[in-house]
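Novice: quick one, structure for this:
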Amino acid sequence: MSGHTGDGNDGEKGARIPFDYPSTSTSYVSTYSGKAPYFNGKDYAAWKHKMKMHLKSINPSIWRIVEKGYVLQNPEDPTKEDNENEHKNAQAANAILSALSRSEFNRVDGIESAKVIWDTLRNLHEGTDSVRESKVEILKGQFERFVMLDGEIPSDMYDRLSKIVNEIKGLGSKDMTDEVVVKKMVRAITPRNSTLVTIIRERPDYKTLTPYDLLGRILAHDMLVQDSKDVIQYINQSSTASIKKEDLALKAEEEEEENRKSKSKVEIDDEEMALFVKKFGKFMRQSGFFKGSSSKHYSNKSSGRHSARVCYVCKEPGHFIAECPHLKDGSHLKEDKKKGEKKDEKK
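Specialist: Presented below is the predicted three-dimensional model:
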């Protein structure tokens with residue numbers, strides 16, 4: 001192996017081996033994983049999770065150094081394992097410290113152990129073990145009392161519950177298993193849709209469902225229900241529109257029939273009036289009210305009585321105003337004018 005020196009026992013002393021980790025240990029190949037997640041003291045639970053994943057992405061063994069720590073087997077003459085652990089510790093500490101704001105960095109400045117840095121930040125933001133236990137109990141109480149709010153959609157309910165569960169897990173509790181969370185979600189939606197709950201519980205894979213799987217089934221069911229409502233509404237609207245069209249057509253027919261009847265009635269009334277006028281005229285002529293009609297149907301005596309009638313326009317007997325010849329040529333107006341002039345002269 002390149003870089004080795006000594007008398008055959010070189011592998012026993014790390015100090016005699018150059019820092020060629022890929023050649024000395026295939027499990028210790030670290031990779032660049034991008035910039036570490038920034039932490040300014042807010043939302044520690046989220047940052048803790050992100051940083052944990054960041055350290056694991058560099059190399060899983062680096063996270064183990066942060067979580068478990070390490071002890072030098074021979075500080076005076078470090079072994080190969082001691083050197084690897086110190087290098088991993090330096091990588092972890094550097095990643096954590098570079099992610100902190102100035103105020104957060106000041107809290108752990110001077111600490112070289114990655115585990116001590118991590119635990120210090122954890123105690124500052126989550127409290128000591130006793131404080132964390134108290135927080136866990138409070139959060140578990142919220143979890144037990146969790147219900148779906150009025151008007152709340154399933155996805156919002158899931159988000160609220162997930163926040164509580166993640167905080168409990170972040171404080172170190174191992175009680176929030178998928179089975180526990182799924183049962184809580186089922187109890188939460190029971191008042192809203194007991195039929196759906198029964199269907200879910202009767203599924204053969206009920207006990208293996210994850211909270212996210214359950215949410216997907218709830219959302220799929222709600223989509224089917226909404227789709228059914230939309231179809232029913234569309235059918236009802238179509239039926240209503242069809243009925244309205246039929247009503248409009250029937251109303252139009254009724255109005256057309258009414259107009260036809262009215263028109264027929266007017267025509268009948270006109271015909272009856274014309275017939276009445278015709279009969280009345282005939283009656284008048286037969287009765288001798290028109291000039292000349294008496295010589296054909298009545299005796300001379302009756303004609304004499306008719307001749308005795310005087311016209312109010314020309315003052316001559318034998319006809320009425322309607323048959324007065326003076327009305328046709330306007331001569332009665334001239335006579336009235338002359339009479340008026342004579343009266344004026346007398347005055």
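Novice: roughly how far does the nearest residue to residue 184 once chain neighbours are set aside sit from residue 163?
Specialist: Residue nearest to residue 184 in three dimensions, not counting chain neighbours: residue 146, with 6.1 Å by Cβ to Cβ, 6 or more residues apart in numbering. For every residue, glycine as well, the C-beta is placed using N, CA and C. From residue 146 across to residue 163, the span is 11 Å (Cβ to Cβ, to the nearest Å).
Novice: so for the residue nearest to residue 184, what's the pLDDT?
Specialist: The per-residue pLDDT reported for residue 146 equals 95.
Novice: got it, and residue 170?
Specialist: Spelled out, the predicted local distance difference test score at residue 170 is 85.
Novice: equivalent analysis for the one 4 residues further on, please.
Specialist: Confidence per residue is given as pLDDT, and for residue 174 that number is 88.
Novice: where in the stretch 101-250 of the chain is pLDDT low?
Specialist: The stretch 101-250 of the chain contains residues with pLDDT under 70 at 238-249.
Novice: so the residue nearest to residue 184, which of the three states?
Specialist: Here residue 146 is recorded as coil under DSSP: H, G, I helix; E, B strand; the rest coil.
Novice: just want the phi and psi numbers for it.
Specialist: Dihedral angles of residue 146 (phi, psi; degrees, to the nearest 10) stand at phi -70, psi 130.
Novice: again, but for the one 4 residues further on
Specialist: Backbone torsions for residue 150, taken as degrees, to the nearest 10, come to phi -60, psi 130.
Novice: now do it against residue 174, distance only.
Specialist: Residue 150 sits 33 Å away from residue 174, taking Cβ to Cβ as the criterion.
Novice: domains for the protein, by residue range?
Specialist: The chain resolves into domains spanning 10-126, 130-220, 298-346 when parsed by automatic domain parsing.
Novice: spit out the contact partners of the residue nearest to residue 184.
Specialist: Residues in contact with residue 146, defined by Cβ atoms under 8 Å, 6 or more residues apart in numbering, are 160-161, 164, 184, 188.
Novice: now for the strand or helix carrying residue 87, which elements pack on it?
Specialist: For residue 87, the element it lies in under DSSP states H and E is helix 80-98. In terms of contacts (3 or more Cβ pairs under 8 Å, 6 or more residues apart in numbering; DSSP states H and E), helix 80-98 is packed against helix 21-24, helix 44-58, helix 60-68, helix 114-126.
Novice: need those in JSON lines (columns: mean neighbour count).
Specialist: Below are the helices and strands packed on helix 80-98 laid out as JSON lines (neighbours: other Cβ atoms under 10 Å):
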{"stretch": "helix 21-24", "mean neighbour count": "14"}
{"stretch": "helix 44-58", "mean neighbour count": "17"}
{"stretch": "helix 60-68", "mean neighbour count": "18"}
{"stretch": "helix 114-126", "mean neighbour count": "18"}
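Novice: looking at those helices, which is nearest to residue 197?
Specialist: Ranking the helices and strands packed on helix 80-98 by their distance to residue 197 (criterion: Cβ to Cβ) puts helix 44-58 first, at 30.7 Å.
Novice: output the closest one as PDB, nothing but the C-alphas.
Specialist: As requested, C-alpha coordinates have been extracted for helix 44-58 and formatted as PDB (Å, rounded to 0.1, in the frame of the first residue of the first chain):
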ATOM      1  CA  TYR A  44     -34.500  24.700  16.300                       C
ATOM      2  CA  ALA A  45     -36.400  21.400  15.700                       C
ATOM      3  CA  ALA A  46     -36.400  21.900  11.900                       C
ATOM      4  CA  TRP A  47     -32.800  23.000  11.800                       C
ATOM      5  CA  LYS A  48     -31.700  20.000  13.900                       C
ATOM      6  CA  HIS A  49     -33.300  17.600  11.500                       C
ATOM      7  CA  LYS A  50     -31.800  19.400   8.500                       C
ATOM      8  CA  MET A  51     -28.300  19.400  10.000                       C
ATOM      9  CA  LYS A  52     -28.600  15.700  11.000                       C
ATOM     10  CA  MET A  53     -29.300  14.800   7.300                       C
ATOM     11  CA  HIS A  54     -26.600  17.100   6.100                       C
ATOM     12  CA  LEU A  55     -23.900  15.400   8.300                       C
ATOM     13  CA  LYS A  56     -25.200  12.000   7.200                       C
ATOM     14  CA  SER A  57     -24.900  13.000   3.600                       C
ATOM     15  CA  ILE A  58     -21.200  13.700   4.100                       C
END
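Novice: ok, now how distant is the residue nearest to residue 184 from residue 60?
Specialist: In this structure, residue 146 and residue 60 are 35 Å apart, going by Cβ to Cβ.
Novice: from memory residue 181 sits against residue 165, does it?
Specialist: Yes: because the distance of 5.7 Å satisfies Cβ atoms under 8 Å, residue 181 is recorded as touching residue 165.
Novice: name the nearest residue to residue 37, sequence neighbours excluded.
Specialist: Closest residue to residue 37 apart from its sequence neighbours, by Cβ to Cβ, 6+ apart: residue 50 at 3.9 Å.
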